[in-house]
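A.B. asks: coordinates only, sequence not included:
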């Protein structure tokens, strides 16, 4: 397997934690809420899932518990910012720190332990195509994440639910005036975002790298938040961005395997360097951000 085949084979799996967390954050931000605690939500979901799988609970139960854990932690965030109109940035950072702290606490006794990952599901015929065949041999969570991506795209594009969420994020006062419960919708959006972050952490800890290490999320939550801006709040662009960052995260390993004489620390920084560069480019285009951005993002909603 050459470097290109290696990157293409692992790209979707590497992209999945970014994608799941970013899709959850997309729903949250479309509802007008900015949650910067994604890193901590992923870490909390990761430790819950790892402990359950390690003790024989199975991946389905692990993902269910991780999703519930992420949703619960995000609801604490929602209660503070929606119930007391607290600053969303500060509260999100605090929840993120809490999630990372709980992850370190609960995972301490599991350091360096491993669990069994899920087998890959191969599409016959397509997986035998030279170079790109590896794209068609993935675990079930990767395939399901693609289905979820399409479902979220369809929801925001065609469904009444997606239209209501967008209305709450764009013009919350107008949405409330025509009878939509803005606070309840934002609570639901934040809970779904937390659940998706929990799923992302569970995948990272029990399937993608099924070995527990403190800090194993390693900035993926921050990249997921950046992906929402990178994708200008559009599902398809977020998917492409996740694939890009997934591929970039593997390029370091591919470069080392080919004997390229580049410091490993520099290669490990590649995803974060790409994040900074891309965000700088996107942020320079004010017209694009205004066209697809969320008008009331981060603004508190005052009950009448």
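C.D. replies: Thanks, I have the structure now. Here the structure is a predicted model, which is why all the values come from computation and not from measurement.
A.B. asks: Packing partners of the lowest-mean-pLDDT helix or strand in the chain?
C.D. replies: The helix or strand of the chain with the poorest confidence is helix 264-268; it has a mean of 73 (mean pLDDT, DSSP states H and E). When contacts are defined as 3 or more C-beta pairs under 8 Å, 6 or more residues apart in numbering; DSSP states H and E, helix 264-268 sits against helix 235-257. No exception for glycine: its C-beta is placed from N, CA and C like everyone else's.
A.B. asks: Can you list the neighbours in contact with the helix it packs on?
C.D. replies: Applying C-beta atoms under 8 Å, 6 or more residues apart in numbering, the contact partners of helix 235-257 are 3, 6-8, 10-16, 18-19, 22-23, 26, 149, 152-153, 156, 223, 227-228, 230-231, 262, 264, 267-268, 270-271, 274-275, 278.
A.B. asks: and what of stretch 82-95?
C.D. replies: 33-37, 40-41, 73-74, 76-77, 80-81, 183, 186-187, 190, 298, 300-302.
A.B. asks: hang on, the earlier thing: and the contacts of helix 235-257, which are buried?
C.D. replies: Buried subset of the contacts of helix 235-257 (neighbour count, 16 or more other C-beta atoms under 10 Å): 3, 6-8, 10-16, 18-19, 22-23, 26, 149, 152-153, 156, 223, 227-228, 230-231, 267, 270-271, 274-275, 278.
A.B. asks: Mind checking which of these land in helices?
C.D. replies: 3, 6-8, 10-16, 18-19, 22-23, 26, 149, 152-153, 156, 223, 227-228, 230, 267, 270-271, 274-275, 278 (DSSP state H).
A.B. asks: Residue 63: what's it in contact with?
C.D. replies: Going by C-beta under 8 Å, 6+ apart, the list of residues near residue 63 reads 49, 141, 199, 202-203.
A.B. asks: now residue 230
C.D. replies: Residue 230 touches 237-238, 241, 275, 278-279, 282, counting by C-beta under 8 Å, 6+ apart.
A.B. asks: And the residues you listed, which two are furthest apart?
C.D. replies: Within these, two members stand farthest from each other by C-beta to C-beta: 237 and 275, at 14.7 Å.
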